[in-house]
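1. pasting the structure only:
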RNA sequence: GCGCCUGUAGCUCAGUUGGACAGAGCAUGGGAUUUCUAAUCCCAGGGUCGCAGGUUCGAUCCCUGCCAGGCGCGCCA
């Protein structure tokens, strides 16, 4: 019979720390098991969750209502029994039963404060490490060679990068792989265009724009004239069979494109451990067909090789075209086999837009059938559109990512110059970069990825309200208070003073701080950085209110240090959390 | 036709996977700065949660059917 150990001290240092939510959940489970030893409680959602309203306490448990049927007791009586068992818990100041059987838990102030102090001293800020010893591959960004990156490309790039950081914070080893679109029929057309329409000066000045231009011209010709189509086809065959000249051109297209992509990645602060385009797996493609054949998965149909997925109730999937070319499903299978053999990952995550859902279901089904055991997950996000319709390169409605970033930095610079006119221009520039890029990233990350996003300049560049600059501003104010404290009271180390939760605002802050590790875990479990962004915004809002209403440096000694210390923890969490979103936190704004 | 997704305040979006009176931001109106950074804070108005049924002690959330929009459905990725 498990019992609550009265000597259990939440402030004991151990790595990793247990989160408050987990601690409460295990206390609740123990209490249920103690009160109802003969019942089967496995199916019940016995867990602590943050309260919907702070007047109900800090955490609540709704399992009593759900348990009523199993236990054949009124939910209120169940809740009462649990409440009595938790009454003596040193972590809790109050246990109240409310409504039909809500169990409302209020944390003991002192226990909460001690927990925060421990968290503050922990390198991981108390974030659990479920990923220790595990490896993930994250496939994201993956732009097409010779095509400019538009505002829509930011989604995969920024969401993927944030997920990488979040998983790393949980102890996973994560390999980010930029699976470039660097192979396919478009290269025949591009080579043809290069031979006929190239403007070398333009290529020098703006490579991708020029490649895009010659591609469009050649593509139009191919649409109109059969001889051009044959020529393009011919160039492609030559490329695929290793013709040195075409190979060199193709490599040039990739190099030029990467040069530009890397500039954007540098501005965004995004990096990859691997950059392996589709072409990397070319040699493996025939083998994939053999494997599929061996498993009896494909049949010939109208000259093409087709995989049928009737069992899964999925439409058929072409793996090799009638002209002998391979499709992306084949490349994807080759990729996953290669990754499995080389890296033995514990999971592979793909971040793409919603249009690829069917493709991934087909590809995952085929991968399983050929024996891929690695868990594969498709993380998709809604398309980005403009208020007036879809972004389209052809219609010219697409907005280049570069332009968005430029505009964001420009607007941020105006704000910085206005707020900090005395700051050296170089520093103003640096701050503007952090703020502008942060604003753009946050606009994407703070939104549930599954809803379609409507791009507006106002939203993408928002610098007040629920935005990265709001969070960065909160951070900078705390940093400023910290420095002023060190300046005015050089002999006092605020980290040596205990945290006291002596105001409602301080307590509200404390509760949110304590939830941070759970938030990181939740964001990963749901593959949604927006969960983290929301929580950080909530924290910053609570802090801003605290800051506005409670004096720091003017408070009496002791209280002063306690508040500065609490603020320091807010800053630590903000910086940590924003870093997980890939957003920088300047010390001054 | 079939499949996936979306529909919540004037606008843009949250809503902890079935819990307590549905929440933010922007916009609108009012207020706060001799004080630690006003990119801030405080207050106010604003809702048939697309519509209609159903399951449940309890539904914005689950099921069914409609309506509206987006995306996809054998040789593009």
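-> Perfect, thanks for sending it. Remember, it's a predicted structure, so these values are computed and weren't measured experimentally.
2. could you pull out the strands for the stretch 351-500 of chain A?
-> Taking DSSP state E, counting those that start in this stretch as the test, the strands found in the stretch 351-500 of chain A are A:376-381, A:384-386, A:389-390, A:453-454.
3. Quickly run through the sheet partners of the second one, with directions.
-> Paired neighbours of strand A:384-386 in the sheet (DSSP bridges): strand A:389-390 (antiparallel), strand A:453-454 (parallel).
4. Return the set of buried residues in it.
-> A:384, A:385 (16 or more other CB atoms under 10 Å). For glycine as for every other residue, the C-beta is placed from the backbone atoms N, C-alpha and C.
5. State the mean pLDDT of it.
-> Computed over strand A:384-386, the mean pLDDT rounds to 78.
6. For chain A, which helix or strand comes out least confident on mean pLDDT?
-> strand A:389-390 (a mean of 66; mean pLDDT, DSSP states H and E).
7. What parts of the stretch 251-400 of chain A come near RNA strand B?
-> A:278, A:301-304, A:306, A:315-318, A:321-323, A:325-328, A:331, A:354-359, A:382-383, A:390 (CB under 7 Å from any atom of the strand).
8. And those residues, which of them are buried?
-> A:278, A:304, A:306, A:317, A:318, A:325, A:326, A:327, A:328, A:331, A:359, A:382.
9. Contact partners for the residue in the stretch 151-300 of chain A positioned nearest to RNA strand B?
-> Nearest residue of the stretch 151-300 of chain A to RNA strand B (CB to the nearest atom of the strand) works out as residue A:184 at 4.3 Å. Contacts of residue A:184 were listed using CB atoms under 8 Å, 6 or more residues apart in numbering, and they are residue A:278.
10. so which strand or helix has it?
-> Following DSSP states H and E, one finds residue A:184 outside all helices and strands.
11. per-residue pLDDT, it?
-> 86.
12. Quick check: it vs residue A:236, distance?
-> Distance of residue A:184 to residue A:236, given as CB to CB, to the nearest Å: 9 Å.
13. number of nearby residues for the nearest residue to residue A:444 once chain neighbours are set aside?
-> Distances taken as CB to CB, 6 or more residues apart in numbering place residue A:158 nearest to residue A:444, at 5.2 Å, with adjacent residues excluded. The local packing of residue A:158 (other CB atoms under 10 Å) involves 27 other residues.
14. What residues sit buried inside the strand or helix carrying residue A:158?
-> Residue A:158 is located in helix A:153-169, with elements delineated by DSSP H and E. Neighbour-count burial for helix A:153-169 flags A:153-167, A:169 (criterion: 16+ other CB under 10 Å).
15. Same check on stretch A:526-543?
-> A:527-537, A:539-543.
16. Distance from the chain centre to it, please.
-> 12 Å (CA atoms, centre = their mean, to the nearest Å).
17. Looking at the stretch 201-350 of chain A, what residue ends up closest to RNA strand B?
-> Here the stretch 201-350 of chain A gets closest to RNA strand B at one residue, residue A:321, 2.7 Å apart by CB to the nearest atom of the strand.
18. Once you drop chain neighbours, what's closest to that residue?
-> Excluding the flanking residues, the one nearest residue A:321 by CB to CB, 6+ apart is residue A:304, at 5.5 Å.
19. which residues of chain A fall in strands?
-> Secondary structure of chain A by DSSP state E: the strands cover A:49-50, A:59-61, A:92-98, A:102-107, A:135-139, A:173-177, A:298-301, A:304-309, A:314-320, A:347-353, A:376-381, A:384-386, A:389-390, A:453-454.
20. Go ahead and confirm residue A:119 touches residue A:513.
-> Yes - with contact defined as CB atoms under 8 Å, residue A:119 reaches residue A:513; the gap is 7.2 Å.
21. which neighbours do the two share?
-> Joint contacts of residue A:119 and residue A:513 (CB under 8 Å, 6+ apart) are residue A:569.
22. Residue A:415 - how many residues pack around it?
-> Residue A:415 - counted by other CB under 10 Å - has 19 other residues nearby.
23. How about the contacts made by it?
-> Residues near residue A:415 by CB under 8 Å, 6+ apart: A:432, A:435, A:463, A:469.
24. go with 7 Å
-> Shown in contact with residue A:415 (CB atoms under 7 Å, 6 or more residues apart in numbering): residue A:463.
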